[in-house]
Each structure stands twice: as C-alpha cells, then as structure tokens.
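Chemist: got a structure for you, letters missing:
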C-alpha cells in the first residue's frame with residue numbers, strides 16, 4: 001500500500017521484485033490527479049496496489065512470485081481511498 005500522509009502532490013510508482021528480478025512495474029493510479037485530494041487530512045490518500053504471493057522452491061528459496069493488481073470491486077479502477085482508517 002502507498003499512503004500520502006501529508007497530501008502533497010505525488011506520483012507514486014511501485015516496482016515489485018521477486019528473486020531479484022523485476023516482476024511488475026506499476027504506474028501511479030489515474031485518480032486522484034497528483035495523488036492528492038483537497039482537504040484530505042488525517043489518513044490521506046491510500047492506494048492498495050497489489051497482493052504478492054511468493055513462489056518457493058523445494059530448497060526453501062524464493063523462485064518468483066505472483067502479483068495480483070487490486071481494483072475497486074466491480075471496476076477497472078485502482079483501489080484508492082481517501083481518509084479511510086480501515087486500511
């Protein structure tokens with residue numbers, strides 16, 4: 001998860017590496033613009049980006065992972081909330 005505590009304009013970008021290799025390159029969400037919302041104080045803007053499930057070999061070493069992008073239920077939109085303490 002990415003959280004904008006101070007609500008300053010930002011462009012968060014998430015890179016997921018598994019076993020030393022880039023698995024996912026996730027650009028900033030489309031909403032809200034500049035990853036800030038006027039008046040969003042307290043918890044601010046939060047973006048639940050992805051669930052990552054490691055893949056472990058028989059030797060106990062991580063060999064890779066599965067990355068599942070999180071979306072708002074029933075939509076194609078990124079999972080972004082504003083001032084929601086439940087996350």
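Modeler: Now that the structure is in, tell me what you want to look at. Only a predicted model underlies this, so the values are computations on that prediction, with no experimental measurement involved.
Chemist: what about the strands in the chain?
Modeler: Taking DSSP state E to define them, one finds strands in the chain at 2-4, 14-18, 21-26, 45-48, 50-56, 62-69, 79-82.
Chemist: of all those strands, which gets the most neighbours per residue?
Modeler: Most buried of the strands of the chain, by mean neighbour count (mean count of other CB atoms under 10 Å): strand 45-48, with a mean of 21. Where you see a C-beta, it was placed from the backbone N, CA and C, and this is true even at glycine.
Chemist: what sits up against that one?
Modeler: Taking contacts as CB atoms under 8 Å, 6 or more residues apart in numbering, the residues outside strand 45-48 that touch it are 1-4, 7, 12, 29, 32, 35-37, 70, 78-82, 84, 87.
Chemist: In JSON lines, list the strands of the chain along with mean pLDDT.
Modeler: Putting the strands of the chain into JSON lines (pLDDT from 0 to 100) gives the following:
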{"stretch": "strand 2-4", "mean pLDDT": "92"}
{"stretch": "strand 14-18", "mean pLDDT": "95"}
{"stretch": "strand 21-26", "mean pLDDT": "94"}
{"stretch": "strand 45-48", "mean pLDDT": "94"}
{"stretch": "strand 50-56", "mean pLDDT": "94"}
{"stretch": "strand 62-69", "mean pLDDT": "91"}
{"stretch": "strand 79-82", "mean pLDDT": "91"}
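Chemist: I'm done for today, thanks for sticking with me.
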